[in-house]
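[1] following is a predicted model, sequence given first.
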Amino acid sequence: MAHYWQEIRALTMRWVRRLSREKFSMLFTLVQPMLFWLIFFGNLFQRAADTQVMQAPNYISFLAAGVVVMTVLNNGLAGGVDLLFDKENGFLERLMSTPIHRTSVILSRFIFVMAITSMQVLVILGVSYLFGVHPATGILGIATILLIGMMFGVGLTAISMAMAFSVKSHGDFFSVLGFLSLPMIFLSSALVPLTAMPGWMSFLAQFNPMTWAIDAVRPLILSGWAEALPHVGMVVLVMVVFDALCLYGGAKAFRRAMG
Amino acid sequence: MDRAVAIDVSRLCKTYDSHKAVDDLSFRVYAGEIFGLLGPNGAGKSTTLRTLITLLHPTSGTATIMGYDTVRDADTVRTLIGYVPQERAIDRFLTGREHLQLLGALYHLTTEEATKRIGELLKLVDLEAHADRPAKTYSGGMKRKLDIACGLLPDPKILFLDEPTLGLDVQSRLRIWEYVRMLKARGMTVVMTTNYLDEADQLCDRLAIIDGGKIKTLGAPAELKIALGGDIVSLTLKEADRMHALESALNGQAAIKSVRATAKGLDIRVESPEKALPTILESANRLGCSIEFIQYNRPRLDDVFIAHTGRAITESIPEPETT
């Protein structure tokens, strides 16, 4: 067990070091979601969006929950990229030829992605605060938001890693990634409530785990515990199933790739 | 001779879909020797190596490292071996020292052990001055040295090198060869793949020539050359038109073992050049073949390779390497 922790700590530190060496990349990773979505998109639609339809005091406060979950989505889906490069340049083989527990590399990646995502979520909530969005459920609500983000993120990262282990080239990986990300966002309640969507879109959006996550995060920010709790309970159930499926698929892909 | 067996490979097969990458391979590597797997790209060398270092499971057959099975006792095997991969398996953003520290943790060394060993290794591969620069600033030769230091970090009983000098300049190559010889002198067993004949010839105590997933021949370089029998007289002819007439005239003559047409002339395998040369010159004269150049060679490893695989190592083969 001591060995296991030693491995995971060293491998997680590697991801941290890599990120800290890529200062620009780190900056853009942190800033991009709030710049693009929260500040530009949020302010752009401030007057075009109907607060009656949104059920929110203004569009930014409606959007905040969406941006939080979108960040989880993008980080999760990109979570396998570094392993993809490790696989392609042989670094993964080098790691796997050492007497480490076979899951250490993957676990270190989960820990790293979850930590970065949580930091980003906090930054987004901080910037939203500056735009006057004050989470109704306070610190405990923020902790709950982080928990939901992690539960969703685990499944997404597992999908991403499964893809990284299965694809033939990294071109394939990025095409699939690009194809998944935007439809997932549009077919969810991130930008528009389900009630305001065309029927077929809201129908599809119901099956999107992202919708469930947003529907729990949004009342935590906008309304309060009374309204949020049933949604939080529901999303925990949905995410347990979602994560189980993704981890099962990920484990299968990993075992196939590692002989 | 009774020598300790370091690696025992028995009837090893690895099949991808319907393609047999490794087909019924059996060989032994003895403790303390440098053993080479020589063959063109796609011959099955890397697949064999990856099986030995526990990264691939054989389709059938077994391989043991110091008596431990590479599948059943994979964890034990991994503590006994060091691996230097073929690709530049380097994290560009980490420094040389950080690479070694990472591996130190993965081999479960204590911080003190790791620090001591890392210091020694950096000195050994002459990277002390560059140890704290990110690896993206390293030259090809420096990356390779770091690779080797990484492979040596666990202080392995057996070191596996996959194409250790692929794409390196001459000086770096010679440097790597020096390291390998030094490791052998320290008693380490070294297994390497290569598609450079001179490397195999210079470095390996014994080697297996692999082609199409099978071992074509196995032995010490000198033995393999002797086994071919006879030295080679190479003729370069001024005109190619009478080459085939000369070829058939020489075939079957007493002192001559075999004749093979090349691009510009003939390679004639002879028992002794003293007896064969007069015969060759006489036949050439009789047929009016003017000879531009005569060369006399003892067999080279290239010749061993051609004799066993039917082609030169540089000639491409149809199937791509499957990994």
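    Everything's here; your move.
[2] which SS state does B:D155 fall under?
    Recorded secondary structure, B:D155: coil (DSSP: H, G, I helix; E, B strand; the rest coil).
[3] find the nearest non-adjacent residue to it, please.
    Spatial nearest neighbour of B:D155, excluding adjacent residues (Cβ to Cβ, 6 or more residues apart in numbering or on different chains): B:R117 at 7.1 Å. For the C-beta atoms, the positions are set from N, CA and C on the backbone; glycine is no exception.
[4] now do the buried residues in the helix or strand that that neighbour is a member of.
    Assigned by DSSP states H and E, B:R117 belongs to helix B:111-124. By 16 or more other Cβ atoms under 10 Å in any protein chain shown, the buried positions in helix B:111-124 come out as B:A114, B:R117, B:I118, B:L121, B:L122, B:L124.
[5] hmm, who's touching the helix or strand encompassing B:P278?
    Using DSSP H and E, B:P278 maps to helix B:273-287. Applying Cβ atoms under 8 Å, 6 or more residues apart in numbering or on different chains, the external contacts of helix B:273-287 come out as B:231, B:233, B:235, B:242, B:245-246, B:249-250, B:253-256, B:268, B:270, B:290-291, B:296.
[6] spit out the contact partners of A:K87.
    A:A164, A:F165, A:A257.
[7] now the buried residues of helix B:111-124 in TSV, with pLDDT?
    Below are the buried residues of helix B:111-124 laid out as TSV (pLDDT from 0 to 100):
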residue	pLDDT
B:A114	96
B:R117	96
B:I118	97
B:L121	95
B:L122	95
B:L124	90
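[8] ok, the closest residue to B:K257 other than its chain neighbours - how many residues close by?
    Nearest non-adjacent residue to B:K257, counting by Cβ to Cβ, 6+ apart: B:R269, 4.4 Å away. For B:R269, the neighbour count with other Cβ atoms under 10 Å in any protein chain shown is 19.
[9] helix or strand next in line after the least confident helix or strand in chain A by mean pLDDT, which one?
    Lowest on mean pLDDT, DSSP states H and E among the helices and strands of chain A sits helix A:23-33, with a mean of 75. Sequence-wise, the next helix or strand downstream of helix A:23-33 (DSSP H and E) is helix A:42-44.
[10] just checking, what packs against that following helix?
    On a contact count with 3 or more Cβ pairs under 8 Å, 6 or more residues apart in numbering or on different chains; DSSP states H and E, helix A:42-44 meets helix A:59-78.
[11] show me what the helix it packs on is packed up against.
    If contacts are counted by 3+ Cβ pairs under 8 Å, 6+ apart, helix A:59-78 sits against helix A:23-33, helix A:42-44, helix A:104-130, helix A:138-166, helix A:170-186, helix A:209-222.
[12] quick one: closest of these to A:F62.
    With Cβ to Cβ as the measure, helix A:209-222 is the member of the helices and strands packed on helix A:59-78 nearest A:F62 (7.4 Å).
[13] quick check: next helix or strand after that closest one?
    Counting by DSSP H and E, the next helix or strand C-terminal to helix A:209-222 is helix A:225-257.
[14] what sits up against the least confident helix or strand of chain A?
    Contact with helix A:23-33 is made by A:L19, A:S20, A:V67, A:M70, A:T71, A:N74, A:I116, A:M119, A:Q120, A:V123, A:I124, as judged by Cβ under 8 Å, 6+ apart.
[15] same thing but at 6 Å, please
    By Cβ atoms under 6 Å, 6 or more residues apart in numbering or on different chains, the residues outside helix A:23-33 that reach it are A:L19, A:V67, A:T71, A:Q120.
[16] dump the residue contacts of the last one.
    Read that as A:Q120. A:L30, A:T71.
[17] how far away is it from B:G212?
    Going from A:Q120 to B:G212 by Cβ to Cβ, to the nearest Å gives 53 Å.
[18] for B:R50, find the nearest of the helices and strands packed on helix A:59-78.
    Of all the helices and strands packed on helix A:59-78, helix A:138-166 sits nearest to B:R50, with 16.1 Å by Cβ to Cβ.
[19] wait, what's in contact with B:M192?
    B:G36, B:L161, B:P164.
[20] so which residues on the stretch 101-250 of chain B come close to chain A?
    Applying Cβ under 6 Å from any Cβ of the partner chain, we find that the stretch 101-250 of chain B lies next to chain A at B:L102, B:A105, B:L106, B:Y107, B:H108.
[21] the last one belongs to a helix?
    No: read with three-state DSSP, B:H108 is coil and lies in no helix.
[22] what is the neighbour count of the closest residue to it other than its chain neighbours?
    Nearest residue to B:H108 in three dimensions, chain neighbours excluded: A:H3, at 4.9 Å (Cβ to Cβ, 6+ apart). Residues lying near A:H3 (other Cβ under 10 Å) number 15.
[23] what does A:L27 give?
    Quick note: A:L27 (other Cβ under 10 Å) scores 10 neighbours.
[24] and the gap between it and chain B?
    16 Å (Cβ to the nearest Cβ, to the nearest Å).
[25] got it, and A:M161?
    When A:M161 is compared with chain B (using Cβ to the nearest Cβ), they lie 18 Å apart.
[26] neighbour-wise, which of the contacts of A:K87 leads?
    A:A164 (26 neighbours).
[27] excluding chain neighbours, what is closest to the most centrally placed residue in chain B?
    Nearest residue to the geometric centre of chain B (Cα atoms, centre = their mean): B:T194, 3.1 Å. Distances taken as Cβ to Cβ, 6+ apart place B:A200 nearest to B:T194, at 5.4 Å, with adjacent residues excluded.
[28] quick check: that neighbour is in a helix.
    Yes: under three-state DSSP, B:A200 sits within a helix.
[29] pLDDT value on the residue lying farthest from the centre of chain B, please?
    Distance to the chain centre peaks in chain B at B:R286, reaching 44.0 Å (criterion: Cα atoms, centre = their mean). Note on B:R286: pLDDT of 87.
[30] of all the helices and strands packed on helix A:59-78, which one comes closest to B:K216?
    With Cβ to Cβ as the measure, helix A:138-166 is the member of those nearest B:K216 (34.6 Å).
[31] how far out from the middle of the chain is that closest one?
    5 Å (Cα atoms, centre = their mean, to the nearest Å).
[32] now it: buried residues?
    A:141-142, A:144-146, A:148-166.
[33] quick one on the thing from earlier: would you mind putting the contacts of A:K87 into a markdown table with distance to chain B and pLDDT alongside?
    Output for the contacts of A:K87, formatted as a markdown table (distance: Cβ to the nearest Cβ, whole Å; pLDDT from 0 to 100):
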| residue | distance to chain B | pLDDT |
| --- | --- | --- |
| A:A164 | 16 | 93 |
| A:F165 | 14 | 91 |
| A:A257 | 10 | 81 |
